[in-house]
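Participant: Sequence below, structure please.
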Amino acid sequence: MRRFIRLLALVLLLGGPFGATAEEIAVAPGAGAIAAAIDKAEPGDVLRLGAGTYPGAITVDRPLTILGGGQARIVGPGEGTVIMVTADDVTVRGVVVTGSGVRLDELDAGIAIAKGADRARILDNRVEGNLIGIDVQGGIDAIVSRNRIANRSDLRRNERGSGLYVWNAPGLLAEDNEISGGRDGIFITTSHHAVYRGNRMSDLRFAFHSMYANDVEVAGNVSRDNEMGFAFMYSKKLAVRDNLSVGDRTHGIFLNFVNNSVFEHNAVREGGEKCLFVYNANSDRVSGNLFESCGIGVHFTAGSQNVTVVGNAFVNNRTQVKHVGTRWLEWSEDGRGNYWSDHVAYDIDGDGLADAPYRPNDAIDLVTWRQPMAKLLLGSPAVQLIRWSQSRFPELLPGGVIDSRPLMRPEGTGVRPDTQRQAGQP
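Facilitator: So this is what the prediction gives:
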């Protein structure tokens with residue numbers, strides 16, 4: 001015990017884990033200048049880069065802080081990774097990084113955090129014209145914040161890299177980054193226990209794409225004009241709140257084998273094919289969301305079970321719900337359902353709930369989804385008679401979604417005002 005106390009006193013006396021000898025070193029532009037400064041630096045030193053260009057890739061193999069002030073530009077040779085972090089407690093801040101290679105099999109990146117390099121801080125950088133922007137490959141408790149990442153888009157789609165690539169990096173905080181170009185904005189595979197917050201993504205295939213990522217928080221992010229907004233696959237215990245998808249062409253939110261998760265107060269607007277797609281998802285909660293102006297509000301399929309859908313607003317979608325199944329799914333809870341803009345109903349007692357249940361689909365819908373050519377018969381008297389009969393006698397319906405207590409107004413749905421402002425929404 002006395003030995004531990006003496007060691008702790010020595011650390012406090014020296015002022016931290018790297019002692020009192022940490023220095024600030026000025027580095028002038030030039031080929032090999034940063035690498036030479038790293039070789040001479042002691043753990044804990046600060047390398048302050050002067051304005052200008054620094055050719056060549058570098059490896060940070062000891063705990064250092066590299067400050068660029070927004071004016072230092074590190075240019076790689078067009079091969080490999082430009083800045084490779086292999087040590088713990090490294091900070092890279094205010095640097096412009098460009099010139100990585102173009103090999104996806106080698107994960108060529110602007111900045112890479114290697115496995116075993118923990119507590120990295122990648123802050124306020126401009127990472128432009130690389131294959132992968134920032135690659136977190138196994139580093140624990142990293143922070144990637146306030147970076148502007150603009151990847152190469154001159155390659156074929158399958159040859160492009162992601163803005164932020166994450167593998168096996170528990171404890172990651174990725175927030176307030178602006179990502180455009182390349183393939184996916186944020187791509188996560190086999191990486192748990194992380195927070196992705198306040199990021200803005202555009203001109204991409206998927207804005208946010210996660211696979212095998214459990215216990216993850218995704219909050220306050222904005223996806224604009226991408227092929228797909230937020231895609232979650234093979235994951236559980238997700239908390240997805242207050243995200244905004246605007247103008248994404250195929251899906252706003254996509255769930256595939258996602259279980260025991262919460263999706264609250266998100267908004268999908270001006271979407272393309274589907275606002276929300278739910279495929280084989282179980283024991284999830286979807287509440288307080290806004291799904292507006294898509295081809296399909298929600299496509300619910302492939303045996304998804306025990307999914308609570310309540311308090312959402314489905315507004316001006318061409319088809320509000322697409323569900324092919326024979327089971328009845330009740331989309332209300334504790335006497336409260338969802339708002340449906342196409343539901344013609346009265347509220348005689350003024351309790352804010354429609355006096356008639358909402359059933360979005362009938363047998364004709366099921367037939368046309370299974371056999372698209374049957375749409376040619378939609379105007380026939382026989383089809384109209386079937387629809388009229390089912391509207392008068394709902395027990396004839398073969399199953400599907402029913403909202404027994406639909407809302408009369410879309411109150412309390414969608415994202416917070418500050419998230420809307422990030423996307424330039426009124």
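
Participant: Pass me the low-pLDDT residue ranges in this protein, would you?
Facilitator: Across the chain, the ranges flagged by pLDDT under 70 are 1-21, 325-326, 361-399, 420-426.

Participant: Nearest residue to the residue nearest the centre of it in space, please, no chain neighbours.
Facilitator: Using C-alpha atoms, centre = their mean, the residue of the chain that lies closest to the mean C-alpha position is residue 208, 3.3 Å off. Once flanking residues are discounted, residue 208 sits nearest to residue 230: 4.6 Å by C-beta to C-beta, 6 or more residues apart in numbering. Bear in mind the C-beta positions are built from the backbone N, C-alpha and C, glycine included.

Participant: Please list all residues in contact with that neighbour.
Facilitator: 206-208, 218, 221, 223, 240, 243, 245, 252-254, 266 (C-beta atoms under 8 Å, 6 or more residues apart in numbering).

Participant: then the host helix or strand of it to PDB, C-alphas only?
Facilitator: Per DSSP states H and E, residue 230 falls inside strand 228-236. Output of strand 228-236 as PDB, limited to C-alpha atoms (Å, rounded to 0.1, in the frame of the first residue of the first chain):
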ATOM      1  CA  MET A 228     -31.100   5.600 -48.200                       C
ATOM      2  CA  GLY A 229     -31.200   7.300 -44.900                       C
ATOM      3  CA  PHE A 230     -30.700   5.100 -41.800                       C
ATOM      4  CA  ALA A 231     -30.200   1.300 -42.300                       C
ATOM      5  CA  PHE A 232     -30.000  -1.000 -39.200                       C
ATOM      6  CA  MET A 233     -29.200  -4.700 -39.700                       C
ATOM      7  CA  TYR A 234     -28.700  -7.700 -37.400                       C
ATOM      8  CA  SER A 235     -28.600  -5.600 -34.300                       C
ATOM      9  CA  LYS A 236     -30.300  -5.300 -30.900                       C
END
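
Participant: Any buried residues in that strand, and which?
Facilitator: Neighbour counts over strand 228-236 (16 or more other C-beta atoms under 10 Å) mark 228, 229, 230, 231, 232, 233, 235, 236 as buried.

Participant: Adding distance to residue 151, write those out as CSV.
Facilitator: Shown next, in CSV, are the buried residues of strand 228-236 (distance: C-beta to C-beta, whole Å):
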residue, distance to residue 151
228, 17
229, 18
230, 19
231, 18
232, 22
233, 22
235, 24
236, 30
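
Participant: name the helices or strands packed onto the longest strand anywhere in the chain?
Facilitator: In the chain, ranked by residue count with DSSP state E as the criterion, the top strand is strand 65-75. The contact analysis (3 or more C-beta pairs under 8 Å, 6 or more residues apart in numbering; DSSP states H and E) places strand 65-75 against strand 46-49, strand 52-55, strand 91-98.

Participant: What secondary structure category should be reported for residue 37?
Facilitator: State at residue 37, reduced to three classes by DSSP: H, G, I helix; E, B strand; the rest coil: helix.

Participant: Helices along the stretch 51-200 of the chain, start to end?
Facilitator: Taking DSSP state H, counting those that start in this stretch as the test, none of the stretch 51-200 of the chain falls into helices.

Participant: you'd agree residue 219 is up against residue 241?
Facilitator: Yes. The pair residue 219 and residue 241 passes the contact test of C-beta atoms under 8 Å, sitting 4.9 Å apart.

Participant: rewinding a little: minimum distance to residue 410: which of the helices and strands packed on strand 65-75 has it?
Facilitator: Evaluated over those, closeness to residue 410 peaks at strand 91-98, with 43.1 Å, by C-beta to C-beta.

Participant: Pull that closest one out as CSV, backbone CA atoms only.
Facilitator: This file holds the C-alpha atoms of strand 91-98, laid out as CSV (Å, rounded to 0.1, in the frame of the first residue of the first chain):
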residue,chain,number,x,y,z
THR,A,91,-5.0,13.9,-30.6
VAL,A,92,-5.2,15.2,-34.2
ARG,A,93,-6.9,18.5,-34.4
GLY,A,94,-7.4,21.2,-37.0
VAL,A,95,-5.5,19.5,-39.9
VAL,A,96,-6.4,19.2,-43.6
VAL,A,97,-5.8,15.6,-44.7
THR,A,98,-5.9,14.4,-48.3
